[in-house]
Each structure stands twice: as C-alpha cells, then as structure tokens.
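**Student:** no FASTA, just this:
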C-alpha cells in the first residue's frame, strides 16, 4: 500500500527553522517527483515545492524561494523540506504527495496525500 507520512512540524518563533520529513512506504520514492503543499485555515491548498525524479530539478513557490530547500534521501525513502527564516504566514498544515513524474503546478494531479504535519509560526 502506497503511503506518505509527514513529520517534523511544530511551534516555532518567527525567524526560526524547522525540517519536515515525508517518509514513503509501499513504493520506491526515487522514481517519482515529490511535492510539498500547505493549507492554512480557510485557504486553498497551495504548492510549496517539488523535486523531480532523479533530483534533476527543484521548484519553489515565490513566497518561499530563498528560505526553503527540498531534498531527498533515497536510502531512507524520504523527502525533506528545510524551512528557514519562518514567517507567521508560513503557518499551515504541510502535506507531501506525488504527481508521478514530472512535477506539476496542479494540485489535482497529485496523489497519495499524507495526513499532514502542523507548522505554527508565532511569537
């Protein structure tokens, strides 16, 4: 059974950092593009970042460029999202999912959503 499990969220002060993990089971992650999304209360789910198959390309939303970094560890079948210089507007539930390959701008092309991990940025 294909499954993603997100972890690493928490409460952090503005300017702080968190590293999210997206652990995959039921398939070999390195054959697929993997995307990170977030959803704040009352807002639509939005794309944050995506890493292509074989790590050829990475993509970031304008709002997180220069602050977030996506990476993967194929040996651990896990994708990470390093988040630095966090802002209150980064507060959301963060999810990972796969569009297959390549990365896509469209949320409805992604599948196997995990349960999400809550990130709260507040002083």
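**Tutor:** Yep, that arrived. If you're wondering where the values come from, they're calculated on a predicted model, not measured in any experiment.

**Student:** how long is stretch 97-104 from one end to the other?
**Tutor:** 11 Å (Cα to Cα, to the nearest Å).

**Student:** What residues of that stretch count as buried?
**Tutor:** Residues of stretch 97-104 classed as buried: 97, 98, 99, 103, 104 (neighbour count, 16 or more other Cβ atoms under 10 Å). From N, CA and C alone the C-beta is placed, and that goes for glycine too.

**Student:** CSV for those, including secondary structure, pLDDT and distance to residue 78?
**Tutor:** Output for these, formatted as CSV (DSSP: H, G, I helix; E, B strand; the rest coil; pLDDT from 0 to 100; distance: Cβ to Cβ, whole Å):
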residue, secondary structure, pLDDT, distance to residue 78
97, strand, 95, 14
98, strand, 94, 13
99, strand, 93, 18
103, coil, 94, 18
104, coil, 91, 21
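
**Student:** from these, which is closest to residue 18?
**Tutor:** Distance to residue 18 across the buried residues of stretch 97-104 (Cβ to Cβ) is lowest for residue 97, with 19.2 Å.
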